[in-house]
Each structure stands twice: as structure tokens, then as C-alpha cells.
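Engineer: whatever this is, show me its structure:
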Amino acid sequence: MRPMLLAAVLTITPSALLAQTVEPAAPTLTVVGNGRVEAPADFAWLSFSLRGEGPTSPEAVTALSANRGKLEASLAALSGKPTLDVRSGTLSIREVRPKACVTNYAAPNLSTGECAVIGSVAVVGFQVKVTPAKQVGDVASLAAQLGAADVGVNNGGLTENQTLEDKAMREAIADARRQAQLIAEASGSKLGPILRIQDSQANAISNFAPAPPPPPPSLAREEFAFSASRLVAPLTMTPPPIMRTARVSVTYSLLR
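Structural biologist: Okay, the predicted model is just below:
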């Protein structure tokens with residue numbers, strides 16, 4: 001039995017060893033490339049609120065409508081003729097009572113005596129998309145001049161985003177190759193072809209605010225003849241540039 005067992009072992013050992021032989025894996029190198037690009041904003045967002053006052057709610061709304069009409073007429077006559085996309089927000093109409101009236105939020109007050117309604121205030125918020133962005137300062141100044149409150153200039157945006165996003169991706173891939181080439185040379189190897197590219201970011205990062213919701217139906221209002229007001233205090237503003245970033249993971253083969 002022993003000679004036969006030894007013969008069997010000698011017979012299967014070469015093939016078993018051959019099956020267990022594995023070629024060494026070719027060396028690889030994985031790097032992460034980053035791209036960051038900027039471009040001037042094409043447009044900017046301006047926000048503000050307008051109000052109208054009157055003895056009654058209808059008169060307050062009428063005054064608000066008149067203020068809005070005068071503002072729109074003045075903006076249309078602004079030097080440089082910027083393109084304006086005006087969007088109105090939530091309308092608030094509130095009764096005004098004397099300061100002596102003590103408000104009890106648990107129960108309503110009768111409109112008599114110290115709590116008699118002495119007037120109404122109508123307020124509506126606006127967002128205006130100003131193109132070109134460099135004129136947003138003049139639009140903001142004119143709005144404030146004509147009685148707008150809470151005037152604020154928000155971030156801008158680009159009319160076409162894809163070009164900037166593509167540039168950021170190209171820079172990320174170029175950065176990855178630069179790093180890989182440096183590491184390969186420092187390690188005494190040669191950089192081989194790309195084996196794998198993965199977008200490490202998934203979604204592009206942006207820094208401008210999303211577009212506001214579409215405006216509600218316009219309020220019915222009387223027709224007025226408005227004369228435009230001249231801009232008294234020009235204001236130069238440059239919205240921050242629009243930035244796009246890209247991040248990719250790239251695996252290269254290394255040649256010996």
C-alpha cells in the first residue's frame with residue numbers, strides 16, 4: 001500500500017502546485033483629482049417688500065398697487081435697460097389698532113373703543129431677477145428710493161451652467177493625471193493607461209440660491225398713470241462669482 005500511495009502523491013503534486021500558482025497582480029495607482037472653476041454671474045437676485053397704507057383694507061391694497069406701479073415704471077426707465085423678471089410673493093393685509101389696545105391672542109378683540117381699527121397695512125414681498133448682474137446695485141438703490149423695505153441682494157447665477165461644469169470636470173481629471181504622473185516618476189515606474197474613473201462627487205456643488213417659486217395670480221387693481229422716478233444714488237455692486245467643483249477618483253496601471 002505504501003508504494004502505491006507514494007506514487008499517487010507524486011502524480012498529483014505537480015498539477016496541484018500548478019493550479020495554486022497565481023500570476024502577481026499588475027501594480028496600480030489610484031488618485032483623487034479636484035477641479036474648481038469660477039465665472040462672473042450673468043444675473044443676480046434682488047429681494048424687497050413694498051407696503052401700502054390706508055384707512056381700510058381696500059385702500060391699503062390700492063396704495064400698495066400704486067407703489068408697485070410707480071416702482072415698475074421707474075425700473076423700466078432705468079439707464080442701461082436691465083432685463084427684470086419680477087416675481088411677487090405672499091401678500092399680507094393687517095388691521096392696525098391703537099397702541100392702547102391690549103391684544104389677547106386667546107380671544108379676539110371687538111373693533112370698538114380702544115381697539116377700534118384705525119387703518120390697514122398691505123405688504124407684499126418681491127424677488128427680481130436682474131440681468132446683467134452688474135446692474136443689481138442700481139435696481140436695489142432705486143427700489144429703496146421708492147419706499148421698498150428689507151432690500152437685499154442675493155447670490156446670482158449663470159444662464160448656461162453646463163460649460164462651467166464641464167470645465168471643472170476637465171480640471172479634475174487633469175489634476176488626477178498630474179498627481180499620478182508625479183507619483184509614478186518618484187517611484188521609478190511609468191504611468192500606464194487608465195483602468196477606472198469614478199465621479200467621487202455624484203452631484204455638482206453650486207453656490208447660488210434656487211429659483212423662487214412661480215408668482216401667485218396678480219391682484220386686481222385700478223389703472224394708474226405712473227411717471228418714472230430718476231435714480232438719485234447709483235450703486236455699483238458685483239455679485240460673487242459662480243463656482244463649480246468636480247472630484248474624480250482615477251485608477252491607473254503602473255508599468256515597470
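Engineer: what about stretch 231-242, start to end distance?
Structural biologist: Stretch 231-242 has an end-to-end distance of 28 Å (Cα to Cα, to the nearest Å).
Engineer: pull out the buried residues from it.
Structural biologist: 231, 237, 239, 242 (16 or more other Cβ atoms under 10 Å). (Each C-beta comes from the backbone N, C-alpha and C, glycine too.)
Engineer: excluding its backbone neighbours, what's nearest the second one?
Structural biologist: Of all residues not flanking residue 237 in the chain, residue 137 sits nearest, at 3.3 Å (Cβ to Cβ, 6 or more residues apart in numbering).
Engineer: from the buried residues of stretch 231-242, which is closest to residue 36?
Structural biologist: Nearest to residue 36 among those is residue 242, at 11.8 Å by Cβ to Cβ.
Engineer: any idea where the strands of the stretch 1-150 of the chain begin and end?
Structural biologist: Using DSSP state E, counting those that start in this stretch, the strands of the stretch 1-150 of the chain run over residues 28-39, 43-54, 83-96, 119-131, 149-157.
Engineer: in a markdown table: the ones you listed, plus mean pLDDT and distance to residue 141.
Structural biologist: A markdown table is the format used below for the strands of the stretch 1-150 of the chain (pLDDT from 0 to 100; distance: least, Cβ to Cβ, whole Å):
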| stretch | mean pLDDT | distance to residue 141 |
| --- | --- | --- |
| strand 28-39 | 95 | 26 |
| strand 43-54 | 93 | 10 |
| strand 83-96 | 89 | 14 |
| strand 119-131 | 93 | 12 |
| strand 149-157 | 90 | 9 |
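Engineer: residue 198 is nearest to which of the ones you listed?
Structural biologist: Distance to residue 198, taken as Cβ to Cβ, is lowest for strand 28-39 among the strands of the stretch 1-150 of the chain, at 9.4 Å.
Engineer: report the buried residues of that closest one.
Structural biologist: Residues of strand 28-39 classed as buried: 29, 31, 33-35, 37 (neighbour count, 16+ other Cβ under 10 Å).
Engineer: same deal with stretch 170-183?
Structural biologist: 171-173, 175-177, 179-180.
Engineer: and that stretch, C-alpha only, in CSV?
Structural biologist: Output of stretch 170-183 as CSV, limited to C-alpha atoms (Å, rounded to 0.1, in the frame of the first residue of the first chain):
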residue,chain,number,x,y,z
ARG,A,170,-11.7,68.5,-17.1
GLU,A,171,-9.6,70.2,-14.4
ALA,A,172,-10.3,67.4,-12.0
ILE,A,173,-9.1,64.8,-14.5
ALA,A,174,-6.1,66.8,-15.4
ASP,A,175,-5.3,67.2,-11.7
ALA,A,176,-5.6,63.4,-11.2
ARG,A,177,-3.2,62.8,-14.1
ARG,A,178,-0.7,65.3,-12.7
GLN,A,179,-0.6,63.6,-9.3
ALA,A,180,-0.4,60.1,-10.8
GLN,A,181,2.5,61.2,-13.1
LEU,A,182,4.4,62.6,-10.2
ILE,A,183,4.0,59.5,-8.0
